[in-house]
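[1] The sequence isn't on hand, but the structure is:
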């Protein structure tokens, strides 16, 4: 009788201790907030393995990969995000950031412009587009984007405006 009760208890409790994709996602978010990008990536991997269509896990994992300079891995994840959810504007801004870091400024510009069509108040994207314009030798457009980003609240854009638009 004790064996049956013990077996039943162990069987029932194993369900309570199993983690869901969402649990791994939450763990990854906590690790990310503490600066543990590699740990977060491992948990996002587990979440995605359990739930292959977990769009936001792909996007968040791409951002963690950017932090550890795995730009090709980040690009793969953000492309997967866009493939599954092509109206995720943050994915386009994230991909623009990856392209910028890869020095593919024309691709970065294209994604910035797409994102800004749908979110005209995103100062991060204006600032990124400004940096992209600067690298494409278009100082006038760069300064206009830095000005717009600064008006929307970007402190980085204010610094960029001072540095690049004298």
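    Done, it's in. Only a predicted model underlies this, so the values are computations on that prediction, with no experimental measurement involved.
[2] what number of residues lie near the residue nearest to residue 51 when sequence neighbours are not counted?
    Nearest non-adjacent residue to residue 51, counting by C-beta to C-beta, 6 or more residues apart in numbering: residue 21, 3.7 Å away. Placement of C-beta: from N, CA and C, glycine included. The number of residues packed around residue 21, counting by other C-beta atoms under 10 Å, is 19.
[3] Also the one 5 residues further on?
    The burial metric for residue 26, expressed as a neighbour count using other C-beta under 10 Å, is 14.
[4] where in this protein is pLDDT low?
    By pLDDT under 70, the low-scoring segments of the chain are 1-17.
[5] rewinding a little: the residue nearest to residue 51 contacts residue 58, correct?
    No. With contact taken as C-beta atoms under 8 Å, residue 21 and residue 58 are classed as non-touching, separated by 12.0 Å.
[6] So for those two, which residues contact both of them?
    When contacts are counted by C-beta atoms under 8 Å, 6 or more residues apart in numbering, the set common to residue 21 and residue 58 consists of residue 48.
[7] which ones are touching the residue nearest to residue 51?
    Residues touching residue 21, when contacts are defined by C-beta under 8 Å, 6+ apart, comprise 46, 47, 48, 50, 51, 54, 57.
[8] Next one: the first one from residue 78, what distance?
    Looking back up the chat, that one is residue 46. Residue 46 sits 19 Å away from residue 78, going by C-beta to C-beta, to the nearest Å.
[9] So the two - more neighbours on which side?
    Each of residue 46 and residue 78 has its neighbours counted (other C-beta under 10 Å); residue 78 has more, 29 against 18.
[10] ok, the more buried one touching residue 62?
    Yes. Counting by C-beta under 8 Å, residue 78 touches residue 62, with 4.3 Å between them.
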